[in-house]
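*Asks:* next come a sequence and a model predicted from it.
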Amino acid sequence: MQVLFTLCGLAAVGLVLLITIYLIISGLPAIQNIGLFQFLFGKTWAAGRDQYGILPLILTSICGTAGAIVIGVPIGFFTAVFLAKVAPKNISNVIRPAISLLAGIPSVVYGLVGMCVLVPALRNWLHLPAGDSLLAAIIVLAIMILPSIISLSETALETVPKEYEEASLALGATKLETYFRVSVPAARSGIATAVVLGIGRAVGETMAIMMVAGNVANMPALTRSVRFLTTGISIELNYSQDGSLQRQALFSIGLVLFLFIMLINGFLNLVLKREKEG
Amino acid sequence: MRRKIYEITGRTLLYGCAAITAGLLLFLIGYILFQGVGGISWRFLSTAESVINGTVGVLPAIKNTVFVILVSLVVALPLGVGAAVYLTEYARNRRFVAAIEFASETLAGIPSIIYALVGVILFCTAMKLQKTLLAGSLTLAIMILPTIIRSTQESLKTVPQSYREGALGLGSGKWHMIRTVVLPSSVDGIVTGCILAVGRVVGESAVLMYTAGMSMAMQSFSIDRLAGASGATLTVALYHYAKENADFASAFSIATILLILTVIINFLASFLGKKLRRD
């Protein structure tokens, strides 16, 4: 029996190795063919002319994620403080399940609402020829990372020992000063984890962005149609021929994306480890 | 004075952001229901799309979704529970445990489009499954593995050590103890893990679009046709209607179905989670 269970455990490790090895094996040929520098820093992605440079994709992913964090983290953070400290019980008991509903809604649904509400609205407000843009993607991403940021930060805030807050209040600080100067610093590693997880989710999101970002491989600009690393793969995966350079280049994007995610995970582990050590 | 300004800005930010979040929630849920509920009828749920009659139906998508859920659970459940049992009951080598836990965390963090790539090379091409529901289900099985491992592990950890010692003291073997004492008392956690996994499968679209296809036609699920069937699940059908047919009414109706499913899944998961904590 023990052997069987060990095999199950090994399967998890084996799968990660398998995925990594497969990604490297199928991602390297195109990079070799195109040249690492040409691939990473080439400014044009045009499958028709066999030009595969993913700099616009990389920059778009970075800008999109950064934008989503800039909008989503403050809103999520203050909502978490509100829910954990200020809100009356009956209000937080309504909002909490609604937030976990928000976390569970499939990404295509976000994409659909973005397509039908956000994209036309942006087109009208900003007088654009088309509303599919980096800005639309950033807003959708910011909404999508809200639930994980709120619920993780809230958990972290709630585990702050009551004595810290009582001591601060006894010293004459107002409630608000206590929340922001005592509770939040005490929960900062949990909040940091929430932010890093939010980054991971934003970098990896595909379907919702594919529906609102326009998917043209432009250099990132707020009102321009853009293509992320993830959508760079998804938009051409169904149309590329097996074994063609285009298909291989898609796997190379996958490899780059995988490295990005591993980097974020490594960073997350570092945060968690520091938290453990206090 | 400075204190007063601090107080006012702080309070405004707190209430303002909470109001934004609450407003967003209300708007999203309300808008989806408002646009989608009208299109849901018995015919919508119980027929296939028919170009001749000009009617839309999602029965094939519902069937495909159920099929994908079942197959991915059948594959991932034994593997996941087995790995969790190994980690909590058998493992002695700490470095090996750390490796498995790291692997499981890594699997949980990989974005779904990478699973799609792996599914395309591994199951569709290398194992010659083509674009089928089977290939999609197998890819999803890898994806939900960490969810099942983690929640099983959590609940195995809550089984009191005295249960184990009691069983072993009465002369039970290790496997007998696990089978009759440990696993039955952690069944809630395993079920919760399954529900969370079902939630992930229901919500997944990127993987299935590229490994299971986008056909809206009815599939026959007889044993000999099983491996060959390819088709869209609910999420993929939603994408298909919204992006390729520009039929937003049907897309929102599917979104409503997905919303209701999410509510049910969340309710079940938190209900069982509470029960687990109370025991």
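*Replies:* Looks like it came in fine. Residues are numbered from 1 along each chain as shown, chains lettered A, B, ... in the order given.

*Asks:* quick one: is the host helix or strand of B:V81 near chain A?
*Replies:* Assessed by DSSP states H and E, B:V81 sits inside helix B:59-85. Yes - residues of helix B:59-85 contacting chain A under Cβ under 8 Å from any Cβ of the partner chain: B:P78, B:L79, B:G80, B:V81, B:G82, B:A83, B:V85. In this view, the C-beta of every residue, glycine as well, is placed from N, C-alpha and C.

*Asks:* distance of B:K275 from B:I264?
*Replies:* 16 Å (Cβ to Cβ, to the nearest Å).

*Asks:* the residue of the stretch 1-150 of chain A found nearest chain B: what's it in contact with?
*Replies:* In the stretch 1-150 of chain A, the residue that lies nearest chain B is A:C8 (2.9 Å; Cβ to the nearest Cβ). Residues near A:C8 by Cβ atoms under 8 Å, 6 or more residues apart in numbering or on different chains: B:P78, B:L79, B:G80, B:V81, B:G82, B:A83, B:V85, B:Y86.

*Asks:* any idea how far the nearest residue to B:T88 once chain neighbours are set aside is from B:L259?
*Replies:* For B:T88, ignoring the flanking residues on the chain, the nearest one in space by Cβ to Cβ, 6 or more residues apart in numbering or on different chains is B:L156 at 4.3 Å. Between B:L156 and B:L259 the computed distance is 33 Å (Cβ to Cβ).

*Asks:* tell me the domain boundaries of chain B?
*Replies:* When chain B is parsed with automatic domain parsing, its domains come out as B:2-39, B:42-278.

*Asks:* what about the helix or strand harbouring A:M210, near chain B?
*Replies:* Per DSSP H and E: A:M210 is located in helix A:207-212. Yes - counting by Cβ under 8 Å from any Cβ, contacts between helix A:207-212 and chain B involve A:M207, A:M211.

*Asks:* next secondary structure after that helix?
*Replies:* Next along from helix A:207-212, by DSSP H and E: helix A:229-237.

*Asks:* any residue of that following helix up close to chain B?
*Replies:* Yes - using Cβ under 8 Å from any Cβ, helix A:229-237 reaches chain B at A:T230, A:I233, A:S234, A:L237.

*Asks:* residue contacts, the last one?
*Replies:* For A:L237, the contacting residues are A:L250, B:A116, B:L117, B:V120, B:Y210, by Cβ under 8 Å, 6+ apart.

*Asks:* distance-wise, check it relative to A:R247.
*Replies:* The spacing between A:L237 and A:R247, counted by Cβ to Cβ, is 8 Å.

*Asks:* what of the first one?
*Replies:* Here the criterion is Cβ to Cβ. By it, A:T230 lies 17 Å from A:R247.

*Asks:* spatially nearest residue to the closest residue to chain A within the stretch 101-250 of chain B (excluding sequence neighbours)?
*Replies:* Closest approach between the stretch 101-250 of chain B and chain A, counting by Cβ to the nearest Cβ: B:P111, at 2.6 Å. The spatial neighbour of B:P111 that comes closest, neighbours along the chain excluded (Cβ to Cβ, 6+ apart), is A:G204 at 2.6 Å.

*Asks:* next one: A:C116
*Replies:* Leaving aside its sequence neighbours, A:C116 sits nearest to B:F248 (Cβ to Cβ, 6+ apart; 5.8 Å).

*Asks:* and that neighbour, how many residues sit next to it?
*Replies:* If you count neighbours by other Cβ atoms under 10 Å in any protein chain shown, B:F248 ends up with 17.

*Asks:* which ones are touching it?
*Replies:* Applying Cβ under 8 Å, 6+ apart to B:F248 gives the contacts A:L112, A:M115, A:C116, B:Q35, B:Y241, B:A242.

*Asks:* wasn't the fifth one part of a helix?
*Replies:* If I follow you right, that is B:Y241. Yes - under DSSP: H, G, I helix; E, B strand; the rest coil, B:Y241 sits within a helix.

*Asks:* how close does it get to B:F44?
*Replies:* Distance from B:Y241 to B:F44, by Cβ to Cβ: 12 Å.

*Asks:* name the residues contacting each of these two.
*Replies:* B:V56, B:S250.

*Asks:* between the two, which one's more packed in?
*Replies:* B:Y241 (26 against 17).

*Asks:* so which bits of stretch B:15-33 are buried?
*Replies:* B:C17, B:A18, B:T21, B:A22, B:L24, B:L25, B:L28, B:I29, B:Y31, B:I32 (16 or more other Cβ atoms under 10 Å in any protein chain shown).

*Asks:* an error on my part: the question was meant for stretch A:165-173.
*Replies:* Buried, per 16+ other Cβ under 10 Å, within stretch A:165-173: A:E165, A:S168, A:A173.

*Asks:* low-confidence ranges in the chain?
*Replies:* Defaulting to chain A. Where chain A drops to pLDDT under 70, the residues are A:276-278.

*Asks:* meant chain B actually
*Replies:* If you take pLDDT under 70 as the line, chain B has these spans: B:219-228, B:276-279.

*Asks:* tell me the first helix or strand C-terminal of the lengthiest helix in it.
*Replies:* For chain B, the longest helix by residue count, based on DSSP state H, is helix B:2-36. Next along the chain after helix B:2-36, taking DSSP H and E as the criterion, comes helix B:42-46.

*Asks:* and the next helix or strand past that next one?
*Replies:* strand B:48-50.

*Asks:* neighbouring contacts of that following strand?
*Replies:* B:T55, B:V56, B:G57, B:V58, B:L59, B:P60, B:M216, B:A217, B:M218.

*Asks:* okay, now the sheet partners of it, with direction.
*Replies:* strand B:55-58 (antiparallel) (DSSP bridges).

*Asks:* not counting its neighbours along the chain, what's nearest B:L117?
*Replies:* Nearest residue to B:L117, sequence neighbours excluded (Cβ to Cβ, 6+ apart): A:G254, at 4.5 Å.

*Asks:* quick one: what helix or strand has the one you found in it?
*Replies:* helix A:245-277.

*Asks:* quick one: list the elements packing against that helix.
*Replies:* helix A:2-34, helix A:36-41, strand A:51-52, helix A:55-81, helix A:188-204, helix A:229-237, helix B:94-109, helix B:112-119 (3 or more Cβ pairs under 8 Å, 6 or more residues apart in numbering or on different chains; DSSP states H and E).

*Asks:* I am finished for the moment; much appreciated.
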